[in-house]
Each structure stands twice: as structure tokens, then as C-alpha cells.
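A.B. asks: Structural data only, the sequence is not supplied:
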């Protein structure tokens, strides 16, 4: 289960301020020096079977590696997203070639024999900041900037995500969000990047 808070960031200087902080409230911060370049490609059938079932499927290329992520239906409240997630190393969206049996079965049950086609791409520059409590990493703060490309349209984005790690709790998520609000304006983002891309794709087809 993935639990994360997503926020839109309008102030361009916020992403230069946050990596300079060494604490947020009771949490020590550990920013990574390098910015991670990602290329995310999303897939579905021509008739949108994954979308209709509220699933998202992507491949992510980063630093010479390829990872497949499958996200299931979830719930959103005030920018906090909760949903099932499967993630594993693979370089193809074809479920027949996946090592994860549960994800493979889930997708095959939804799409049947229909082939997958590329929907859209998202290029992301991500800065990782880890939040630590009592010597344990409990959350990952991601500073994301990039471009969504769908059909003939493109759309820039600037977002901050706080994703709970296994040792984190919803109370940690609330505390980190409150502490961040003392430094920057957080605008809850109810839509995933995929949902934003699908909306852009609909504009292309209109």
C-alpha cells in the first residue's frame, strides 16, 4: 500500500530553499546531492481497460535501469493518496514477461488479450530528501519538476510528494506536512500525474 501526500508548488524558489534545511520540526532531513532524471511511459489498451478499472501502468527509465509500476484503485483526501502498488525491475509493459506473478495476473485479468499501447510520457527531474525520526528514515520527500507530453500537447509541472516509508505513520505524514507549511505554500493535488496526463490527452482529442 502506497501512502503519499501530493502538493502543487507554485513558487519557483521553493525547490532551492528546501534542500538547504537540515530539520523539519522533530525530523532530521537528508537531501541527496544528485537530481534523478526519469522518463516515465504510461500504457493502456486502445479502449482504456486499465483506466476504466482505475489502474495505472508505467515503465520508468532512470540511470540505466527500468522499473515497472502498477498502481491500483485508491482514495484521495486533501492531497493524501492511498492505493495498492506493485513495483519490480522489468523493461517491458507486457505482463507476460513480468517476474511478479500477482501484478501479472492482475493486469491480464483486466486487459485479456488486448494489446497495450503507449498513452503518454512524463519527463521528471526529482530531488530526494529523506526525513528521519529517532535514527530511522520514515518518509521520502520528492521535489519533482518536469513535463507531461500527451498527444500534441505538453504541460509543465512542479510538485512535492511526501511518501511514507515502512517505518513511517500517518501521524508522521501530518507532522511533516504541517512543518513544511511553515516554509512554503502547499496546494493539495488531488490528481496523479497520470490523471493530469489523461486530461491533457482528452484536450488533444477534442
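C.D. replies: Received it, and whenever you're ready, just let me know what you need. Every value quoted in this text rests on a predicted model; they were computed, and no experiment measured them. Numbers count the residues shown, from 1 in each chain.
A.B. asks: where are the low-confidence patches of this structure?
C.D. replies: Across the chain, the ranges flagged by pLDDT under 70 are 205-206.
A.B. asks: again, 90 this time
C.D. replies: Across the chain, the ranges flagged by pLDDT under 90 are 1, 11-13, 74, 77-79, 151-152, 202-206.
A.B. asks: Skipping its backbone neighbours, what lies nearest residue 110 in space?
C.D. replies: Once flanking residues are discounted, residue 110 sits nearest to residue 53: 5.0 Å by C-beta to C-beta, 6 or more residues apart in numbering. To be clear about C-beta, it is placed using only N, CA and C from the backbone, and glycine gets the same treatment.
A.B. asks: Show me the strands in this structure, by range?
C.D. replies: All strands of the chain, identified by DSSP state E, fall at 2-8, 23-24, 27-44, 56-62, 65-77, 80-89, 117-133, 136-150, 153-164, 187-188.
A.B. asks: Reformat the ones you listed as JSON lines; add mean neighbour count and distance to residue 16.
C.D. replies: Shown next, in JSON lines, are those (neighbours: other C-beta atoms under 10 Å; distance: least, C-beta to C-beta, whole Å):
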{"stretch": "strand 2-8", "mean neighbour count": "20", "distance to residue 16": "17"}
{"stretch": "strand 23-24", "mean neighbour count": "16", "distance to residue 16": "16"}
{"stretch": "strand 27-44", "mean neighbour count": "16", "distance to residue 16": "11"}
{"stretch": "strand 56-62", "mean neighbour count": "19", "distance to residue 16": "22"}
{"stretch": "strand 65-77", "mean neighbour count": "15", "distance to residue 16": "28"}
{"stretch": "strand 80-89", "mean neighbour count": "16", "distance to residue 16": "26"}
{"stretch": "strand 117-133", "mean neighbour count": "18", "distance to residue 16": "10"}
{"stretch": "strand 136-150", "mean neighbour count": "19", "distance to residue 16": "10"}
{"stretch": "strand 153-164", "mean neighbour count": "17", "distance to residue 16": "12"}
{"stretch": "strand 187-188", "mean neighbour count": "14", "distance to residue 16": "18"}
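A.B. asks: Quick one: closest of those to residue 196.
C.D. replies: Among these, strand 136-150 comes nearest to residue 196, with 6.0 Å by C-beta to C-beta.
A.B. asks: Can you name every helix or strand that the closest one contacts?
C.D. replies: Applying 3 or more C-beta pairs under 8 Å, 6 or more residues apart in numbering; DSSP states H and E, one finds that strand 136-150 contacts strand 27-44, strand 117-133, strand 153-164, helix 170-181, helix 193-205.
A.B. asks: Can you add distance to residue 74 and give the ones you listed back as JSON lines?
C.D. replies: Shown next, in JSON lines, are those (distance: least, C-beta to C-beta, whole Å):
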{"stretch": "strand 27-44", "distance to residue 74": "16"}
{"stretch": "strand 117-133", "distance to residue 74": "19"}
{"stretch": "strand 153-164", "distance to residue 74": "13"}
{"stretch": "helix 170-181", "distance to residue 74": "15"}
{"stretch": "helix 193-205", "distance to residue 74": "11"}
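A.B. asks: wait, which of the ones you listed is closest to residue 11?
C.D. replies: Ranking those by proximity to residue 11 (C-beta to C-beta) places strand 153-164 first, at 8.7 Å.
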